[in-house]
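K.L.:
Sequence first, then the predicted structure, then my questions.
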Amino acid sequence: MKKMRRTAARIGEQALPALTIFAFVLAWEFWVRARGIAPIYLPAPSAIGVQLYRMTVDGSLPYHLGLTLIRIFAGFALAGLSGILLGLLMGMSHTLARVADAWIAALYPLPKISLIPLLIIWLGTGEAYKIVISAVTAFFPVVISTYAGVRQVDHGLLKTAVDLGANRRQVQTKVVIPAAIPSILAGLQLGMGVTIILVVAAEMIGGSAQGGIGYLLISSSQVMETEKVFASLVVLAVAGAIIIKLQQWADRKIAPWVFQPWAVQVDQR
Amino acid sequence: MDVVVSQVSKTWGSGTSAVPALDQVSHVFGSRRLTCILGPSGCGKSTLIQIIGGLETATGGHIQVRDPARSNISRALGADSVMVWQNLNLFPWRSVIDNVAFGLEMRGVPRPERYRRAGALIAAVGLRGFEDHRPGQLSGGMRQRVALARALILDRPILLMDEPFAALDAQTKIVMQEELMRIFERTHKTILFVTHAIEEAILLGDEVVVMTARPGRIKDTIAINLPRPRSLELVASKEFGALFDRVFHLIRDEVMKAMQQQALATVGPA
Amino acid sequence: MRSFSLVITSVLAIVTFGGQARAAEVVRVGDGPFITGGGYFIAREKGYFRKLGIEIQPREFQDGSMSVPAMIAGELEFSGMTAAASLFNSVAKGAPLVVVLDRANNRPGFGYTVINVSQSLYDEGVHGLADFAKLKGKRFGVGAVGSINQYNLAQALLKVSLDPAKDVQWTVNVPQPDLMKMLGQGQIDVTDLAYQFGYFAQNNKWGPIIANGDQVAPNTAIATFAVRKDFLQNHRDTVIRWSMAYLQGVKEFNAAAQAPDKYPDIVEILAKNTALNRPELVKAIAPNWGYLNEDGIPPVDSIMAMQDFWSSKYFNFVEKKVTREQLFDLSVAKEAKARLDREKPFGP
């Protein structure tokens, strides 16, 4: 009996977020219908659902979503690799760190969205500017977190490694980098969020010729198809949530010692 | 080998914010003996042992080792010592066996060999079966033993221990003290053991070096002539009680001084 | 007896003139720096609204389409509204507005929108609408999706039996000044622009004008004026008077379009209030300012035809169509024109 209650409780806990969303959507539907709110102000979830169904069935949704996802991963890969590399190099060379730090401090606060028109002039309206702008923006949190992670390695661990016979290169590869991993992963999480935002913004702002969720958003907004706008937003939100969750799962696999709580307190003599 | 400490001084910082931690400390730590360094908090004992281990620099003086049979020839410490730290410094991302085998890995010992030797040591400290666990999954006492195994695997003649049992609960502490004495009796390394617990110092040591409050100097040295092998029952004996009184008297004023220093909220690493 | 009549006269004076001395009604109008709003600019600058007791509070939107959401939100009474897919969808989805006045159409001779092609395409022989058949697979750039510009280009393609959705590549959501540059840089091949931009592109050798909107789709609406439904209901007389002042401005606009040198004050007003900026440019593009119907009636048939096109299989931008009655209230223009002609508040 107790076991059944425990299982029920666990299922309840997993289902709780889904239940709250479901309740919210129901309330929204009821509100719009009861108050007779015109779709121009706020479409009903049922109308949005119909659009989602149509856009999936006619293939436009998978197509545009696919494009956006490809751009997101391309931009993220670029930012992640370059950011981690520079952050590690900065950690190893004091001179490089001082030089790079000045540039980073100056460029990080610039709103990159404002650079999109400039990038289009240089790179044209194809894929290049979208991937570049998202990579450039995501680069900063990654490099900053990586560098911080390297600098903040516990000195005790470094002294221990030296004491146990590690040479300079071994300290860097066997201690500094693994110790910096939690910080690097945090930077990558931030970078992913920013990548998603910038890819969609680039699809919206630049001359939209090549589709994507941003293109769906701006074109349905220009013709006042409010249901389609909301449908695109819903798709974007769900896709974003799935990506972030996947990343968190990957983080747990890569650095289990950080993301797992202190497990069983086995006490042995 | 003897560890010869000559006129070692250490000052943290400089100018007006200079904090003197050690003031002309000199001592010969006998070869193959377990010497306890006892002192109040802030007296610089941790700094001293790190300087001996080559992991901190001294502002003055030097450390040497010499063969007691040929005491006219001495040299600087190379890789003769290994440290067991107060907060253990286990690598949290490595498993127990990878932590223990770390020193061998740095030396380039191939994996099957170093895993064999680490495995033996892990079993010797009673952690067989936990080779693939990570430190975060172990209790305090178990982690302590991993740290010990990691140090012992390198088989260096000098073992430096900086308050290794300070964070353990009373029962685990007793277990670890017995463990250490067994290891000492078996290997007879030169062990320098820093502590602030009088009882522990007397129980474990062949000699207790008492330090003053900051800036640290050696106040006095007391030989502990209790017979080995030692066990816990010794604590109740009359000889132990007499030694305890002597040491207590020596250290009491220093503890008071140290408390006053802390009350004045001064800055300085422990 | 004389004092008594003095009193009476004074009282009457206060009652009549006092009525006019009462604070003028504030009407908030949303607009953009486009010459199609010329009738309104003229009426405003020349004080016609004020003369009929209306104080205009203008709000300018660089992107004209942004004024519509502001009106729906209740911040404006009147707004310019382009003849685009967004108009039909807004009304279909319950936007509380109705179209009351014409705000420029492509009457032959006055066409305001033009089609430009890149210089290289022109050199390959694309000189006019008949050559549109050569444009299969080319890149077409427009500002807003579903705009009059996209409509014109689509009509031109239909005339040569090309599928406007499938047989060309669309680059959308580019502001018109950038479209000009993209044409020059070879990033697009064809575009439809407001006259001054097409003219500018041609002069800079970015691409010549090959057709005018008045050839592609003659008399098609470019823009309209819409008013908030509740305001029309509760302040109908104000709306009528606003329209009267506007129609007076329309008359002078059309006159100046045909002979700009004779109306320097009009040219000045237009230059100041639009993106054209300089009077020389205003004169240079005359009479291609778009035509404003002097009876104020918007070209209803062409607008309904536009809705049919946008809801057809090609683009399907409009899912739910609306009726004439839902879109238009033509009584306003009719009543305003009648009163203007009858009362002549601005002279003969």
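P.N.:
Now that the structure is in, tell me what you want to look at. Residues are numbered from 1 along each chain as shown, chains lettered A, B, ... in the order given.
K.L.:
how about the residues of the stretch 1-150 of chain A that lie near chain B?
P.N.:
By Cβ under 8 Å from any Cβ of the partner chain, no part of the stretch 1-150 of chain A sits against chain B. No exception for glycine: its C-beta is placed from N, CA and C like everyone else's.
K.L.:
Quick one: residues contacting the closest residue to chain C within the stretch 1-150 of chain A.
P.N.:
Closest approach between the stretch 1-150 of chain A and chain C, counting by Cβ to the nearest Cβ: A:Ala38, at 2.3 Å. Contacts for A:Ala38 were tallied using Cβ atoms under 8 Å, 6 or more residues apart in numbering or on different chains; they are C:93-96.
K.L.:
same check, this time on C:Ser161
P.N.:
C:Ala133.
K.L.:
And C:Asp189, by the same measure?
P.N.:
For C:Asp189, the contacting residues are C:117-118, C:121, C:135, C:138-140, C:183, by Cβ under 8 Å, 6+ apart.
K.L.:
just the contacts of A:Ala38 now: which is nearest C:Glu280?
P.N.:
C:Ala95 (39.5 Å; Cβ to Cβ).
K.L.:
Look at the residue nearest to that closest one when sequence neighbours are not counted and give its secondary structure.
P.N.:
Distance criterion Cβ to Cβ, 6 or more residues apart in numbering or on different chains; nearest residue to C:Ala95, sequence neighbours excluded, is A:Ile40 at 4.5 Å. Following DSSP: H, G, I helix; E, B strand; the rest coil, we place A:Ile40 in the coil state.
K.L.:
where does A:Ile40 sit relative to A:Glu225, distance-wise?
P.N.:
10 Å (Cβ to Cβ, to the nearest Å).
K.L.:
Can you name the residues of the stretch 151-270 of chain B sitting close to chain A?
P.N.:
So far as Cβ under 8 Å from any Cβ goes, the stretch 151-270 of chain B lies against chain A at B:154, B:175.
K.L.:
Which residue would be the closest one in the stretch 151-270 of chain B to chain A?
P.N.:
For the stretch 151-270 of chain B, Cβ to the nearest Cβ, closest residue to chain A: B:Val175, 6.2 Å.
K.L.:
residues near that residue, how many?
P.N.:
Close neighbours of B:Val175, defined as other Cβ atoms under 10 Å in any protein chain shown, add up to 16.
K.L.:
do B:Ile153 as well
P.N.:
Applying other Cβ under 10 Å, we find 22 residues neighbouring B:Ile153.
K.L.:
Same question for the one 5 residues further on.
P.N.:
Neighbour count of B:Ile158, defined by other Cβ under 10 Å: 22.
K.L.:
And A:Leu81, by the same measure?
P.N.:
Other residues near A:Leu81 come to 13 when the count uses other Cβ under 10 Å.
K.L.:
doesn't B:Gly141 make contact with the residue of the stretch 151-270 of chain B closest to chain A?
P.N.:
Yes. The criterion here is Cβ atoms under 8 Å, and B:Val175 meets it with B:Gly141 at 6.8 Å.
K.L.:
mind giving me the domain split of chain B?
P.N.:
According to automatic domain parsing, chain B comprises the domains B:2-80+B:156-263, B:87-155.
K.L.:
cool, and chain C?
P.N.:
C:2-105+C:221-343, C:113-216.
K.L.:
Make TSV out of these and add mean pLDDT.
P.N.:
Formatted as TSV, those follow (pLDDT from 0 to 100):
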stretch	mean pLDDT
domain C:2-105+C:221-343	88
domain C:113-216	91
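K.L.:
any chance of the ones you listed in CSV, plus distance to B:Leu48?
P.N.:
Formatted as CSV, the domains of chain C follow (distance: least, Cβ to Cβ, whole Å):
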stretch, distance to B:Leu48
domain C:2-105+C:221-343, 73
domain C:113-216, 72
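K.L.:
Quick one: closest of those domains to A:Gly165.
P.N.:
Nearest of the domains of chain C to A:Gly165, taken as Cβ to Cβ: domain C:113-216 at 61.5 Å.
K.L.:
okay, how far is it across that closest one, tip to tip?
P.N.:
10 Å (Cα to Cα, to the nearest Å).
K.L.:
so how far is that domain off the chain centroid?
P.N.:
20 Å (Cα atoms, centre = their mean, to the nearest Å).
K.L.:
For chain B, spot the helix or strand the model is least confident about on average.
P.N.:
strand B:74-75 (a mean of 74; mean pLDDT, DSSP states H and E).
K.L.:
Walking through the stretch 101-250 of chain B, point out its helices one by one.
P.N.:
Ranges of helices within the stretch 101-250 of chain B are B:102-107, B:111-124, B:140-152, B:170-187, B:198-204, B:238-263, based on DSSP state H, counting those that start in this stretch.
K.L.:
Let's have those helices in CSV, adding mean pLDDT.
P.N.:
Formatted as CSV, the helices of the stretch 101-250 of chain B follow (pLDDT from 0 to 100):
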stretch, mean pLDDT
helix B:102-107, 94
helix B:111-124, 94
helix B:140-152, 92
helix B:170-187, 90
helix B:198-204, 93
helix B:238-263, 88
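K.L.:
Many thanks, have a good one.
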